[in-house]
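# Mind folding the following:
(4 chains)
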Protein chains: 4
Amino acid sequence: MKALIYKGPRQVEVLEVPDAKIERPTDVLVKITTTNICGSDLHMYEGRTDVETGKILGHENLGVVIEIGNAVDRIKVGDRVCLPFNISCGFCKNCERGLTGFCLTVNPGTAGGAYGFAGMGPYSGGQAELLRVPYGDVNCLKLPPDSEDKENDYVMLSDVFPTGYHATELAGVKSGDSVVIYGAGPVGLMAAYSAQLKGASKVMVVDTHKDRLALAEKIGAIAIDDGEGNAVAQILELTKGQGADRGCECVGYQCCNQHNIEVPNLTMNNLVNSVAATGTLGVVGVFIPKDPGAEDKLAKQGQIAFDFGKFWMKGQKMATGQANVKAYNRKLRDLITADLAKPSFIISHELPLIQAPEAYKHFDARDQGWTKVVLKP
Amino acid sequence: MKALIYKGPRQVEVLEVPDAKIERPTDVLVKITTTNICGSDLHMYEGRTDVETGKILGHENLGVVIEIGNAVDRIKVGDRVCLPFNISCGFCKNCERGLTGFCLTVNPGTAGGAYGFAGMGPYSGGQAELLRVPYGDVNCLKLPPDSEDKENDYVMLSDVFPTGYHATELAGVKSGDSVVIYGAGPVGLMAAYSAQLKGASKVMVVDTHKDRLALAEKIGAIAIDDGEGNAVAQILELTKGQGADRGCECVGYQCCNQHNIEVPNLTMNNLVNSVAATGTLGVVGVFIPKDPGAEDKLAKQGQIAFDFGKFWMKGQKMATGQANVKAYNRKLRDLITADLAKPSFIISHELPLIQAPEAYKHFDARDQGWTKVVLKP
Amino acid sequence: MKALIYKGPRQVEVLEVPDAKIERPTDVLVKITTTNICGSDLHMYEGRTDVETGKILGHENLGVVIEIGNAVDRIKVGDRVCLPFNISCGFCKNCERGLTGFCLTVNPGTAGGAYGFAGMGPYSGGQAELLRVPYGDVNCLKLPPDSEDKENDYVMLSDVFPTGYHATELAGVKSGDSVVIYGAGPVGLMAAYSAQLKGASKVMVVDTHKDRLALAEKIGAIAIDDGEGNAVAQILELTKGQGADRGCECVGYQCCNQHNIEVPNLTMNNLVNSVAATGTLGVVGVFIPKDPGAEDKLAKQGQIAFDFGKFWMKGQKMATGQANVKAYNRKLRDLITADLAKPSFIISHELPLIQAPEAYKHFDARDQGWTKVVLKP
Amino acid sequence: MKALIYKGPRQVEVLEVPDAKIERPTDVLVKITTTNICGSDLHMYEGRTDVETGKILGHENLGVVIEIGNAVDRIKVGDRVCLPFNISCGFCKNCERGLTGFCLTVNPGTAGGAYGFAGMGPYSGGQAELLRVPYGDVNCLKLPPDSEDKENDYVMLSDVFPTGYHATELAGVKSGDSVVIYGAGPVGLMAAYSAQLKGASKVMVVDTHKDRLALAEKIGAIAIDDGEGNAVAQILELTKGQGADRGCECVGYQCCNQHNIEVPNLTMNNLVNSVAATGTLGVVGVFIPKDPGAEDKLAKQGQIAFDFGKFWMKGQKMATGQANVKAYNRKLRDLITADLAKPSFIISHELPLIQAPEAYKHFDARDQGWTKVVLKP
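As a prediction, the model looks like this:
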């Protein structure tokens, strides 16, 4: 089969590799029809992780089931399914509480596994023609009959839509709340979209990229251009000096200031200052325990200089981590089916798999207009 | 009336001052019968705050109502009452949601007010013969007939017992959980005690002071002596390498390592490492936005070098801030009344008000055996 | 002042009565500019309660503050305010937990007080020129500068909008849920509207009145006409046989079947059958402990023949009772201010106070098109 | 193998039957070492269900794994395991939210399956030498090395301990609450025990059987003898007229009054009257949709004459249904391991399997002292 292979920093190639196949009786084999490039793929692409050469990337996957193991009960050949990026067993201490992003089984020694990702277990990604899905009954979301027409919407259920929604859940967004979101990339836009779905009264999205801010405005959010580094002041003005009720971090450890310099504590400290006392912060932007490639001394050790005193005096709460996709994907699917959500609005490019290397290059450069790429193997 | 007055760093005196009195129709006047010295009083005592000279200190107060304003409905002269350390209005946006520690009315410009405290509004403290209680109907907890006998238990409802309980609420402690608590001072001990009340299966308390660890063991907790700086390793061993389900920080910004050197990020980073993935941290130890007296450069600006990458990868949650005492004091009172809680076990010294300056000196020096002082004006 | 007075079953008159005035230092006096007739006013109007003759009715009130007691701190003369229908003290055991609909202070012996209502304390209603508001700092919601223009929206914050929202909160409605609502009266419509605000994926509203069902459709809900008594079957068909995720009861004890006969257990048993196993029911329709005027033998004693076996086997949950208006009115106000909610869509008639008796007559008869009446004193 | 077989009303026999065996790759085969008789077994024993003749009964099971299917990953031969009475798949809509008592897979057409139980699927029970456990990775709770010594404690994790705990969770019991529990049978006692574990300030247990009330007192609860039918009055007196904060129903549809006459609405209506306004009711006693054998006309159709008016006016909440055992069994196991819980105190008789028929007879007759029987196959 054809698959996109990581060959080294900023080097990816589409190559012919052995077909993915059923390995365990609980496996399901999926023919991929849509697979996305995610912002977190860029961490690997840039060589800022320890991902091994030869790995097939891709954790935002959708396709058709073409074979099932003999212990699979729920999923049938022919089912059209979307796969949560995190792989889970369904029976460990964390999975049984719904914390499927922190499965203790699939990646022993770590809490959490994923397809085609650094440090997330030996699983191949789905930027390929075929994908082996472990624990198929657990890890496949069945899609309804209209799924072919809306495939570009449903594929967002693999990661960015639930991850954006997760940000708003971690932040405790409820109807009527004012919400500030740092980052207008795909996840930030999905967080804004989710806050609106929940009935937020004011959704403010901060970024410095004008094309992304334009998308935020298009869905009815208030775009906050941080080009002069005064986002906090703008938000305080919009909230009568009190700060927003809730805040989301959708950027992560490579956050940059208005001069495009990495300032690892920028978004978190701005978030503390942008959110009111007793407010809650949901942090889904990726932060990592070690970042040897960073300039910043603290960042090398996975630390940030955090405004802990302000955070504490304000009595704020913070929740973090990757989304437990299965906690949200059924309900978000139903919203797409009912035409009440259309997350494909973030897509800028739809390309064949073979063009993936080129897409990586543009997306990594944050070239104007490259918001989100979907690949069709 | 006699009152303990702050005169400057490490200088407090009991002096004759004008009587406290009713100033607003919603006020209540209380004759103080018991008032404690709190660990947070030491921040002021040591000159590490901007508290003004002449302030009456004391925010852990209990007494008898001797006069009420003409708009007071619930509280009557003769009622024996315990006063939450935080003063609240009962009607602002935060109070109406139960967040009485972050009242927006009583200390305009800040969320939260308190008796006799730096930055917490113009309110005199209760280390005195009389105390003016604003919004008396809101701020008085009525005590039952047996209250005189158990006055040393009930007075703990003003702060340390609810604050320790708050730590366990912020951390989400439930029956069967394993819990690690950093700090075996009065608040840490109350957090351990609260975790036990809730049915925790394993309560581990970390400190370096052997007298305090002995108290932790006395109530049935596992004492973790961090004298060699290996508390995290000990906790991981006790939890099969996974870390505790929940963690509490009950020390604050002046946390010290085993050599008694202030290391502001010590407890928070240890906490992240001691708690399992998906675990929750409750932080009630005080951290402050600016600490010009600190040695550490980050600490001066209220920052800590926080292990944010590990925290995020573990998908942990954190909640912080002073306790909303009114959220807990009724229920904890009922446990004392039912003889199911006896928080006075932390008391080491019971002294007349006149001896308060001496008590401050010993308590500040963390002299062996000076765990908790109650004063009787 | 002029006020609408209850004179006996189906007899109300607008009469000249002594002016409302400040009675306690915590009172606020409001000049009423808009006041609604509520479906629950009809219980009194029809003589199905023990309300005393001479009572001024009206608990959905909005106006301008013209005088304040000397203990009032937050509210100022000139403030435009909306008054929650339930009166609360802000300091009792229930109020301090946000359960202001069950205040233990304002109506001793009962949990809960209200303006102009049977069994809800000695408080006059607001279908009048002036209204005395007890505990003014607690019971006034301040409105923004645009409030005159949107007065017909903001007045809905006194009762029906928060009550409809409460139904969805009691039912635990979250984004993506399917929801069934029994009753397309003002409260049922507000529940449907609230479910949509929260991002429900499917909102189904059951009634037999075609004009009300048309309004439900107008806001995008699925209208279920129970004219043939087969609402449950229709809902099961719309939910693949499983039932809705959540259900709301917005009718109450006088619920009628398709032949307009009171069948007191009709909506509750239908609700149990319309909602899936593990689903949650929110019941805001009024049920009363004694109803001597009822035909049904059980109903006379406030009982219904409830399908408890089915309810239990399904593991359903149910939450009931009047709305704690203060728990929601700030956030819903912000949605109106942001033009994201426009609850005035339920209004069918806007009349001067003097025409209130006529309005009562039509509304009580459920005359075609009389959905909701607002009065302008 | 030997197994206890249902032969018809009040007829059970221990017979030789074909060995249980692995049928699916996800199955686990367990050699049973302890299995209990449950109060709900008596519903079948008495012929009040439609259970089929020939069924092996027994849903409270513990034993040693002797064989595993080839798709089983977590469980190993030799593991000592306790089996939740409800069987779940781990991947359906309900299981993935932790609602394993309402699995949609294992008993198609119904939400929930169990071993050896009427209407709960084709699964044999464990009052036998061997038990087939479907979805073994999901349905086995591993026990620690000390499990043989404490086997009579750990076996309670299969049902009664989690079910009693579930009652307190459904009722929302928190530290300091007062709690009333109807029923001092094994489940009621476990509910009382759980309320104490959580730090309830007052636990009141209502029954008419003096031997059971004595057990309640033995664990420190307040025994309320309803022999004169005045339980509600006693509880109101113990709670200053307000009622308890929380209430649990642990009896079910065969509840009897003090004259031993079945009065199906007795416990539920007493519960409404015993619990305060805004209180919460947790109902784990079994109620069934149809009971043709009942005397009462409503009961035949699974209805009760419920005090809905009082329930509503009090704004109470109610949650019901069988326990999701997996939601609690790990944490409760840890409490047993830590010697902080010892649920075996309810055991009155320990007998070989062969004596099961005799035990059924005595237990069904509620013979003095037959509280709980454990069988050793």
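# for whichever residue of the stretch 101-250 of chain A sits closest to chain B, what are its contacts?
In the stretch 101-250 of chain A, no residue comes nearer to chain B than A:A111, which is 3.6 Å away by Cβ to the nearest Cβ. Any C-beta I mention is one placed from the backbone N, CA and C, and that applies to glycine too. For A:A111, the contact set (Cβ atoms under 8 Å, 6 or more residues apart in numbering or on different chains) comprises A:N94, A:F102, A:C103, A:L104, B:A276, B:A277, B:T278, B:K314, B:G315.
# ok, the spatially most central residue of chain A - contacts?
The C-alpha lying nearest the average C-alpha coordinate of chain A belongs to A:V160 (Cα atoms, centre = their mean; 4.1 Å). Neighbouring residues of A:V160 by Cβ under 8 Å, 6+ apart: A:N36, A:C38, A:E60, A:P186, A:V187, A:M190, A:P343, A:I346, A:K372.
# So what's the residue count around the first one?
Around A:N36 sit 27 other residues, with neighbours defined as other Cβ atoms under 10 Å in any protein chain shown.
# isn't it right up against A:L375?
Yes - assessed by Cβ atoms under 8 Å, A:N36 is found in contact with A:L375 at 6.9 Å.
# any residues in contact with both of the two?
A:G58.
# any idea how far D:R74 is from the residue of the stretch 1-150 of chain A found nearest chain D?
Taking Cβ to the nearest Cβ, chain D has its nearest neighbour within the stretch 1-150 of chain A at A:A71, 3.5 Å off. The spacing between A:A71 and D:R74, counted by Cβ to Cβ, to the nearest Å, is 14 Å.
# So for the two, which sits in the more crowded spot?
A:A71 (21 against 17).
# ok, the more buried one - contacts?
A:P25, A:T26, D:R24, D:P25, D:T26, D:G69, D:N70, D:A71.
# Pull up the residues of the stretch 251-377 of chain A that are close to chain C.
Proximity of the stretch 251-377 of chain A to chain C, by Cβ under 8 Å from any Cβ of the partner chain, involves residues A:Y328, A:R330, A:K331, A:L332, A:D334, A:L335, A:T337, A:A338, A:L340.
# Taking the residues you listed, please make a ChimeraX selection of just the buried ones.
ChimeraX command restricting these to the buried ones, with burial defined by 16 or more other Cβ atoms under 10 Å in any protein chain shown:
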select /A:328,331,332,334,335,337,340
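# Output the residues of the stretch 251-377 of chain A next to chain C as CSV; include the columns pLDDT.
Shown next, in CSV, are those (pLDDT from 0 to 100):
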residue, pLDDT
A:Y328, 98
A:R330, 98
A:K331, 98
A:L332, 98
A:D334, 98
A:L335, 98
A:T337, 97
A:A338, 97
A:L340, 97
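# Spatially, which two of the residues of the stretch 251-377 of chain A next to chain C are the most separated?
A:Y328 and A:A338 (15.4 Å; Cβ to Cβ).
# for the single nearest residue of the stretch 151-300 of chain A relative to chain D, helix, strand, or coil?
Nearest residue of the stretch 151-300 of chain A to chain D (Cβ to the nearest Cβ) works out as A:P162 at 13.4 Å. State at A:P162, reduced to three classes by DSSP: H, G, I helix; E, B strand; the rest coil: helix.
# for it, what are its contacts?
Taking Cβ under 8 Å, 6+ apart, we find A:P162 in contact with A:P84, A:A323, A:V325, A:A327, A:Y328, A:N329, A:L332.
# which parts of the stretch 51-200 of chain A sit against chain B?
Counting by Cβ under 8 Å from any Cβ, the residues of the stretch 51-200 of chain A close to chain B are A:N94, A:R97, A:L99, A:G101, A:F102, A:A111, A:G112, A:L170.
# Which strand or helix spans the residue lying closest to the third one once chain neighbours are set aside?
So that's A:L99. Closest residue to A:L99 apart from its sequence neighbours, by Cβ to Cβ, 6 or more residues apart in numbering or on different chains: B:T278 at 5.0 Å. Per DSSP states H and E: B:T278 is located in strand B:275-283.
# Just give me how far that strand sits from the chain centre.
On the basis of Cα atoms, centre = their mean, to the nearest Å, strand B:275-283 sits 21 Å off its chain's mean C-alpha point.
# what's that strand in contact with?
With Cβ under 8 Å, 6+ apart as the criterion, strand B:275-283 contacts A:94, A:97, A:99, A:102, A:111-112, A:312, A:321, B:166-173, B:180, B:191, B:239, B:242-249, B:268, B:271-272, B:313-321.
# what about the strands in the stretch 1-150 of chain A?
Per DSSP state E, counting those that start in this stretch, the stretch 1-150 of chain A carries strands over the ranges A:2-8, A:11-16, A:28-37, A:60-68, A:80-83, A:86-87, A:113-114, A:130-133, A:141-142.
# Next: the stretch 151-300 of chain A.
Using DSSP E, counting those that start in this stretch, strands in the stretch 151-300 of chain A cover A:178-182, A:202-207, A:222-225, A:244-249, A:275-283.
# Mind checking those strands for the one nearest to B:K198?
Going by Cβ to Cβ, the one of the strands of the stretch 151-300 of chain A nearest B:K198 is strand A:275-283, 22.8 Å.
# Starting from the closest one, tell me which strands it pairs with and how they run.
strand A:244-249 (parallel), strand A:317-320 (parallel) (DSSP bridges).
# Send me that strand as PDB with only the CA atoms.
The C-alpha coordinates for strand A:275-283 follow below in PDB (Å, rounded to 0.1, in the frame of the first residue of the first chain):
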ATOM      1  CA  VAL A 275      -9.800  35.400  32.500                       C
ATOM      2  CA  ALA A 276     -11.800  36.600  35.600                       C
ATOM      3  CA  ALA A 277     -11.200  35.500  39.200                       C
ATOM      4  CA  THR A 278     -12.900  32.100  39.700                       C
ATOM      5  CA  GLY A 279     -12.700  31.400  36.000                       C
ATOM      6  CA  THR A 280     -11.600  28.100  34.400                       C
ATOM      7  CA  LEU A 281      -8.900  27.400  31.800                       C
ATOM      8  CA  GLY A 282      -9.000  24.600  29.400                       C
ATOM      9  CA  VAL A 283      -5.600  23.800  27.900                       C
END
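# nearest residue to A:I87 other than its sequence neighbours?
A:G113 (4.4 Å).
# whoops, I mixed them up, A:E295
Looking at A:E295 with Cβ to Cβ, 6+ apart, the closest residue is A:E262, at 6.5 Å.
# got a list of what that neighbour touches?
A:E262 neighbours (Cβ under 8 Å, 6+ apart): A:Q254, A:C255, A:C256, A:A294, A:E295, A:D296, A:A299.
# can you check A:T267 too?
A:T267 touches A:Y182, A:G183, A:E249, A:V251, A:C255, A:G285, counting by Cβ under 8 Å, 6+ apart.
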